[in-house]
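**Q** starting from these lines, generate the structure:
(2 chains)
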Amino acid sequence: AQKITQTQPGMFVQEKEAVTLDCTYDTSDPSYGLFWYKQPSSGEMIFLIYQGSYDQQNATEGRYSLNFQKARKSANLVISASQLGDSAMYFCAMREDLIIQGAQKLVFGQGTRLTINP
Amino acid sequence: DVKVTQSSRYLVKRTGEKVFLECVQDMDHENMFWYRQDPGLGLRLIYFSYDVKMKEKGDIPEGYSVSREKKERFSLILESASTNQTSMYLCASRSGGINTIYFGEGSWLTVV
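**A** Next up, the predicted model:
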């Protein structure tokens, strides 16, 4: 069963506009975490932002914020004032804690290719 | 800085060959992961490990096995490579108390 779903295969946005990348997840575990990663054409995976399931406030990191709606099981990434350098693949991921202490499973979504137009 | 090193960036192997992909991390992380990345499918989890000699199947384990004899090293093994295993393979590691996943640079495997 798909645990992480990114429904937007591709998005095109004008420079300086805000953009929202969608991510929904499925888990019955009360303790989990959600990540967003950026993968430019160079292939490296760049950490953007993290949200824990018990965090009271939505995570923010500079121009990145995570719109965490727990009841809807969504964790959308918002990029404010987009820049040309934001063009990349974006992946949402979920950490699940297993019964064995310290053991974790990490699953990723299909990704969204974001293109910023000048 | 945490470093996750994958032994080979680019490999070309023949159908039926046994293939080893090595991953080493230098920060004593408990959890290590192997993914394959294919266009339109994202990163799919093959196997993961949370301790030495402990391993768990991910979502697509068929055709693969893994080995973790030492904490810092997690190997992915293709017992008999097939053309549908042509892909980019990513290794990752994480410590339970840190909210970051560290990735290797990826290994591009072509099976001909």
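**Q** for chain A, longest strand please?
**A** The longest strand of chain A (DSSP state E) is strand A:88-97.
**Q** mind checking the SS state of residue B:32?
**A** Counting by DSSP: H, G, I helix; E, B strand; the rest coil, the backbone at residue B:32 sits in strand.
**Q** doesn't residue B:84 fall inside a helix?
**A** Yes. Assessed with three-state DSSP, residue B:84 lies in a helix.
**Q** and it, how many residues sit next to it?
**A** 9 (other C-beta atoms under 10 Å in any protein chain shown). Glycine gets a C-beta too; all of them are placed from N, C-alpha and C.
**Q** now do the same for residue 57: its pLDDT.
**A** The chain I'm using is chain A. Note on residue A:57: pLDDT of 94.
**Q** wrong chain, I was asking about chain B
**A** Confidence score, pLDDT, at residue B:57: 93.
**Q** quick check: it touching residue B:33?
**A** No. Here residue B:57 lies out of contact with residue B:33, judged by C-beta atoms under 8 Å, at a distance of 12.0 Å.
**Q** when these two are compared, which one has more neighbours?
**A** Between residue B:57 and residue B:33, counted using other C-beta under 10 Å, residue B:33 has the larger neighbour count: 28 against 14.
**Q** roughly how far does residue A:31 sit from residue A:37?
**A** 21 Å (C-beta to C-beta, to the nearest Å).
**Q** up against chain B, what does chain A have?
**A** A:6, A:9, A:33, A:35, A:37, A:43-45, A:47, A:50, A:52, A:91, A:93, A:95, A:98, A:100, A:102-111 (C-beta under 8 Å from any C-beta of the partner chain).
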